[in-house]
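In: Got a predicted model here, sequence first, then my questions.
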Amino acid sequence: MLLDTSSLYFRAFFGVPDSVRAPDGTPVNAVRGLLDFIARLVQDHHPDDLVACMDFDWRPQWRVDLIPSYKAHRVAEEAPEGGGVDQEEVPDTLSPQVPVIDDVLDAVGIARVGAAGYEADDVIGTLAGRATGPVDIVTGDRDLFQLVDDGRAARVLYPVKGVGTLQVFDEAALREKYGVGGAGYADLALLRGDTSDGLPGVPGIGEKTAAKLLAAYGDLAGIMAAAADPASKITPAQRRRLAEAREYVAVAPKVVRVASDVPLPAFDPALPRAPRDERALEALAERWGLGGSLRRLLSTLEG
């Protein structure tokens, strides 16, 4: 089971009231909500391995170099020239909770994995590709639908409400909702665009049109070849729009498709049955008032 950690703690933050606070009054709704999410996921799905995949760089420069608008509207503070990572716009009461989440996951013993210059999506793409058995990817980010693959038993568990209600996306569910399978989803997303990620898409080519074009011509390369072929059945308007977007289409695949070759550190993905650092965990529980949320997680992990 691969967790898109930031996606889940954002959902926890907005789903759990900020009246959930530590003894000193600091909000811990994202921390406690995430712990409850993980407990529920382990209880319901019984993974052998569990990895919390992290955004060590939420807006990698190599993606920005290709499409400068990529996540540009979410930059709170740009990195200093010559290095560093742009600061993402995050609610004031969420930012201080992220280091607490890191510390608690580490003390519990849940593998927390990321890589400099890559997003959690890329870590998930790499680990999903390496897996020798079934993979459940837990995310509220549609980008990861591209990893759905019945042949490798890779599916996405998409939270609808909390994580008590998860929509399971396999190839059939993807085709029913979007008209494409996992292999075609990145091309669909690229054509459609995504305002939340600052991806313009091809103007005039919406989700349904993109799905029809992919059904007719197979993939993005097939669509672009058909657009350049006067004998193809692509409409004049679509032909013009695709021609005008040729520069975007040339670079967007590398931005939209998750990396599958991220250099990752060695780690143990096994689901922990007991805390890695019980003393540190006790201190964190007391300092942040983690109470029932932490107890439920530890009880679930024990068995």
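Out: Alright, I've got the coordinates.

In: can you give me how far stretch 275-282 is from the chain middle?
Out: Centroid separation for stretch 275-282 versus its chain: 28 Å, with CA atoms, centre = their mean, to the nearest Å.

In: what mean pLDDT would you report for it?
Out: Stretch 275-282 shows a mean pLDDT of 97.

In: For that stretch, buried residues please.
Out: Neighbour counts over stretch 275-282 (16 or more other CB atoms under 10 Å) mark 275, 281 as buried. To be clear about C-beta, it is placed using only N, CA and C from the backbone, and glycine gets the same treatment.

In: CA-only coordinates of that stretch in PDB, if you can.
Out: Below are the C-alpha coordinates for stretch 275-282, written out as PDB (Å, rounded to 0.1, in the frame of the first residue of the first chain):
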ATOM      1  CA  PRO A 275       6.600   1.100  17.500                       C
ATOM      2  CA  ARG A 276      10.100   1.600  16.200                       C
ATOM      3  CA  ASP A 277      10.900   4.100  19.000                       C
ATOM      4  CA  GLU A 278       8.400   3.700  21.900                       C
ATOM      5  CA  ARG A 279      10.000   6.400  24.100                       C
ATOM      6  CA  ALA A 280       9.900   9.000  21.300                       C
ATOM      7  CA  LEU A 281       6.300   8.100  20.500                       C
ATOM      8  CA  GLU A 282       5.200   8.500  24.100                       C
END
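
In: quick one: terminal-to-terminal distance for stretch 265-282?
Out: Using CA to CA, to the nearest Å, one end of stretch 265-282 lies 27 Å from the other.

In: likewise stretch 111-126?
Out: With CA to CA as the measure, stretch 111-126 spans 15 Å from end to end.

In: give me the number of residues near residue 243?
Out: Other residues lying near residue 243 total 12 when counted by other CB atoms under 10 Å.

In: Repeat that for residue 155.
Out: For residue 155, the neighbour count with other CB under 10 Å is 22.

In: quick one: contacts for it?
Out: 134, 135, 136, 137, 148, 168, 169, 170 (CB atoms under 8 Å, 6 or more residues apart in numbering).

In: that's a strand at it, yeah?
Out: Yes. Counting by DSSP: H, G, I helix; E, B strand; the rest coil, residue 155 is located in a strand.

In: In space, what's closest to it - neighbours in sequence excluded?
Out: With CB to CB, 6 or more residues apart in numbering as the criterion, residue 155 has its nearest non-adjacent residue at 4.8 Å, and that residue is residue 170.

In: Quick check, pLDDT for the one you found.
Out: If you check residue 170, the pLDDT there is 98.

In: Quick check: phi and psi at it.
Out: phi -110, psi -170 (degrees, to the nearest 10).

In: tally of neighbours for it?
Out: Residues near residue 170, counting by other CB under 10 Å, number 16.

In: for residue 14, same thing?
Out: 13.

In: Over to residue 5?
Out: Residue 5 sits with 29 neighbouring residues when counted by other CB under 10 Å.

In: Residue 52 is in contact with that one, correct?
Out: Yes. In terms of CB atoms under 8 Å, residue 5 counts as a neighbour of residue 52; the distance is 4.6 Å.
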